[in-house]
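[1] Just a sequence and a predicted model for now, questions to come.
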Amino acid sequence: QLQASGGGLVRPGGSLRLSCAASGFTSDIYAFGWFRQAPGKEREGISYISRSGDGGTTHYTDSVRGRFTISRDDVKNTVYLQMNRMRPEDTAVYYCAAAPIATTDILQYGYWGQGTQVTVSS
């Protein structure tokens, strides 16, 4: 089970940190991804992190690269998404998900959190 938290309302240019806590399994055997879905749009993957044993390498889509940072703490069984310099177009429901390997293929993510709303508005 994954539990996402940390969403809320933030002004343009502001920051938020999302957390994704895993329970029922140890996070170190999974890769994780953060996805978001804006109203009327498809769910899109924005950031991924491989298993720590695979180097914990990270990947970002162009729209968030340089502003968002994904990280993991396997001791706390938690994955984070630090979001800085936020824009109105970042407004969406954000989901975390786990997969056996880091991949952009959304179908490989078998565990999903419930989603947390992020709204960027002045």
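    Thanks, I have the structure now.
[2] drop to CA atoms for contacts and neighbour counts, all remaining ones
    Noted.
[3] where does the protein have low pLDDT?
    Flagging of the chain using pLDDT under 70 yields the residue ranges 27.
[4] same thing but at 80, please
    Scanning the chain for pLDDT under 80 picks out the ranges 24-28.
[5] Run through the bridge partners of the residue nearest the centre of it.
    The residue lying closest to the centre of the chain (Cα atoms, centre = their mean) is Trp34, at 2.5 Å. Counting by DSSP bridges, Trp34 is bridged to Ser47, Cys96.
[6] List the contacts of it.
    45-48, 81, 94-97 (Cα atoms under 8 Å, 6 or more residues apart in numbering).
[7] What is the nearest of those to Gln114?
    Nearest to Gln114 among these: Tyr95, at 6.6 Å, using Cα to Cα.
[8] re earlier: top of the contacts of Trp34 by neighbour count?
    Cys96 (31 neighbours; other Cα atoms under 10 Å).
[9] Surely that one and Gly115 touch.
    Yes. Judged on Cα atoms under 8 Å, Cys96 makes contact with Gly115 at a distance of 7.3 Å.
[10] what residues are shared contacts of these two?
    Common neighbours of Cys96 and Gly115 (Cα under 8 Å, 6+ apart) are Ala4.
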